[in-house]
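Colleague: let's see this in three dimensions:
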Amino acid sequence: MTSPDSQPGPVMFSGSEIAELCDAIKDVHRLLTSVGAFFSELEAAEAPGGNGLQIDFKKWGLRTITEDLLERQYKAVDRIVAFYREEQERMGEK
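Modeller: Model (predicted):
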């Protein structure tokens, strides 16, 4: 007997959409991990009597770059999710 999951059916994705979605999610994870590690290093570098302004500027730059990169990755994820939803709706109509 064949399980329902292994029966052939309409394919929802064609091409590289799944790999692209996985890569976008992995990129978000790597970005957040790297930013967190770098931010922790900046926090530890802030010595009493040191140049706090320089560290604040680095934190601001890091936050700005991170927000931009995350926005790009989220757009990629949102685009693929929208495609997935359209495919689901189309398959539901059949």
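
Colleague: now for the residue nearest to V28 when sequence neighbours are not counted: which residues touch it?
Modeller: In space, and not counting its chain neighbours, V28 is closest to Q73: 4.8 Å by CB to CB, 6 or more residues apart in numbering. For every residue, glycine as well, the C-beta is placed using N, CA and C. Going by CB atoms under 8 Å, 6 or more residues apart in numbering, Q73 touches 24, 27-28, 31.

Colleague: what about I65, neighbour count?
Modeller: When neighbours are counted by other CB atoms under 10 Å, I65 registers 12.

Colleague: sketch out the low-pLDDT regions of the protein for me.
Modeller: 1-16, 46-52, 94 (pLDDT under 70).

Colleague: identify each buried residue in stretch 85-94, please.
Modeller: E87 (16 or more other CB atoms under 10 Å).

Colleague: now the residue most central in space within the chain: how far from R63?
Modeller: Of all residues in the chain, the one closest to the mean position by CA atoms, centre = their mean is V28, 3.0 Å from it. Distance of V28 to R63, computed by CB to CB, to the nearest Å: 16 Å.

Colleague: cool, M91 as well?
Modeller: Counting by CB to CB, the gap from M91 to R63 is 41 Å.

Colleague: cool, E20 as well?
Modeller: For E20, the distance to R63 - CB to CB - is 27 Å.
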